[in-house]
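Novice: Structure, please.
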Amino acid sequence: MSELPVVVIGAGPQGLAAAAHLVERGLDVVVVERGDGPAAAVSDWGHVRLFSAWAELTDTAGRRLLEPTGWSAPASGFPTGAEWVSEYLAPLADALGERIRYATTVTGVSRQGRDKVVEAGRKSQPFVVHTVDANGNDARLLARAVIDASGTWSLPNPAGADGFPALGEASAAERISYRIPNDVAALAGQHVVVVGAGHSATHAVLRLSELARRSPGTRVTWLLRRGSAANVFGGGAGDDLPERAALGSRARKVIESGVVDLVTGFRVAELQTDADALTVIAEDGREITDVAHVYALTGFRPDTGILRELRIDLDPVLDAVAGIAADIDPNIHSCGSVSATGARQLAQPEPGLFIVGVKSYGRAPTFLALTGYEQVRSVVAHLAGDHEAAARNELALPETGVCGGSGDFDEAAAGGCCAAPAVLQIGRPVGASV
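Specialist: Purely as a prediction, here's the structure:
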C-alpha cells in the first residue's frame, strides 16, 4: 500500500494543512472536496469576522509551501472568513494544484473487499474511497490512509432542545435559518428570535441588534436553554483572545441597554405556524409570540455516515473521537483548557484512519484552528513514520477566562471558580469559533 496516496476528505483549513504536511514529507496525497473551490464552508460564512488573529490562522507547513511563491503571511488583524479564504486558503489550494479534486463528494469509505464485519486480511487491504462527481459519475479511489477533515457544517443542530427537531420545526422551515445571518434588512420592523448560546448565536444577536437600533419596531429575543447567561458573555479580561472577549462584552451591553430581550431556561419544544407569524413554545409552556423569523444557532454535529463500513470509536456523549473526548467535554473544559490532541489520541480501531478538525470534536463547541493544525501535523508525522514528531506537543492555546462550559445548565451562576466577566469597550462585530 505504500505506493498509494493518502486521501484527505475536505479542502478546508485542516484538510489543506494536512495536504501541505504530506507534500512536505514526500507522501502522495489526493484531497477530495465536494465544493467547487477551497474552503467552501468558510466561504459560506465569509461575512463573519474571526476572533483569531492571522498568526493563529495559518499552518506552518502551509506557510513553508507558499513562501517560495512570493506569498507572505498577513502580519496582523482579524480577517473575515472571506479574507481568510482569499489571502491564505485559496493560495494554499492553488499551490497544491491538481492534488485537489473539486465538486467531488465522498459517499463512503471502506476496506477493499471487506465490509465492517470481516476480519480476515483486513489490515492488509487498502482503503476504498467511494466518490461521485457533479455529473453523477461514481468512482473509487484506493488509499493507504484516510484523513477525514470534512467538518460538521452540513449538519446543524435543530432548534428542538432534545436533539430532534421541535414539533412543527420542519413545517416552519421557510421561517428558520441555521446559519449566521448577513443581510438582515428584510426583517426590519419585525420580531426575530435567536436560539443558542455559542459564538454564532452571539454574532447573530449583535447583527440583529444593529438592525433594531436603526429600524424602530424591530424586536430581538434571545433564547438560552441554560439557566444562566454568565458564560455566554465570555471571560472578559481573562480571555487571551481580545476579539473574543469583545464579542461577549458587546453582547452584554446590548442586553443591558434593552435592545435585546434575553430569556434563560427556555428549551424549545414546539413551533406553531399561522398565516402571519410563528409562536415558539418552551417545554415549560412559556410562549414567544408574533415571531417573523427564527435563527436556530445551536451548534453542529458530525455526519459519520460515510464511515459506516469502518471500525470507528466515538464518544457516546459528544460524538467526538473517543481518545480526546474527556479533554474537550464542554461540561468541564473551555477551548483554552484542553490538552494537545495528536495522532495517538486520534487513532481509530481502523489503522490508518484519522478524523481531524472540527469533526473530531463531534458536538463539542469552540474548536480553534490552532488545534486542528496541531492535529494534522502530528497525524502526518505518524503516517510518515516520524513517531518522535508525532508524539511531540507543539500546541499552546489561548485561555478563555471561562472555567467550564454548560455544567451550570440548570442553575444560575453563583460564584464559582471564575470571577464575573469584565466589560471591555473594544472591538467590532466578530464571531466564528475557529
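
Novice: could you pull out the strands for the stretch 1-150 of the chain?
Specialist: For the stretch 1-150 of the chain, strands defined by DSSP state E, counting those that start in this stretch occupy the ranges 6-9, 29-32, 100-101, 104-111, 127-133, 138-143, 145-148.

Novice: domains for the chain, by residue range?
Specialist: Following automatic domain parsing, the chain resolves into domains at 6-154+300-391, 173-296.

Novice: Mean neighbour count and distance to Leu167 for those domains - can I get that in a markdown table?
Specialist: From N, CA and C alone the C-beta is placed, and that goes for glycine too. As requested, the domains of the chain are exported to a markdown table (neighbours: other CB atoms under 10 Å; distance: least, CB to CB, whole Å):
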| stretch | mean neighbour count | distance to Leu167 |
| --- | --- | --- |
| domain 6-154+300-391 | 19 | 20 |
| domain 173-296 | 19 | 4 |
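
Novice: hmm, back to that, between the strands of the stretch 1-150 of the chain, which gets nearest to Pro216?
Specialist: strand 104-111 (46.3 Å; CB to CB).

Novice: From the contact counts, what lies against the closest one?
Specialist: On a contact count with 3 or more CB pairs under 8 Å, 6 or more residues apart in numbering; DSSP states H and E, strand 104-111 meets strand 127-133.

Novice: what is the rounded mean pLDDT of the strand it packs on?
Specialist: Mean pLDDT, strand 127-133: 98.

Novice: Also stretch 332-351?
Specialist: For stretch 332-351, mean pLDDT is 79.

Novice: Could you look up the SS state of the residue positioned nearest the centre of the chain?
Specialist: For the chain, Val358 is the residue whose C-alpha lies nearest the centre (CA atoms, centre = their mean; 5.0 Å). Put simply, Val358 is helix when judged by DSSP: H, G, I helix; E, B strand; the rest coil.

Novice: Do I have it right that it meets Ser150?
Specialist: No - using CB atoms under 8 Å, Val358 makes no contact with Ser150, being 9.4 Å away.

Novice: Where does the prediction get shaky in the stretch 101-250 of the chain?
Specialist: 234-242 (pLDDT under 70).

Novice: how far away is Pro181 from Glu67?
Specialist: 37 Å (CB to CB, to the nearest Å).

Novice: quick one: secondary structure of Ala245?
Specialist: Following three-state DSSP, the label given to Ala245 is helix.

Novice: ok, it to Pro74 distance?
Specialist: Per CB to CB, Ala245 is found 22 Å from Pro74.

Novice: Output the strands of the stretch 1-150 of the chain in CSV; the columns should cover distance to Ala93.
Specialist: Below are the strands of the stretch 1-150 of the chain laid out as CSV (distance: least, CB to CB, whole Å):
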stretch, distance to Ala93
strand 6-9, 12
strand 29-32, 8
strand 100-101, 6
strand 104-111, 14
strand 127-133, 18
strand 138-143, 19
strand 145-148, 16
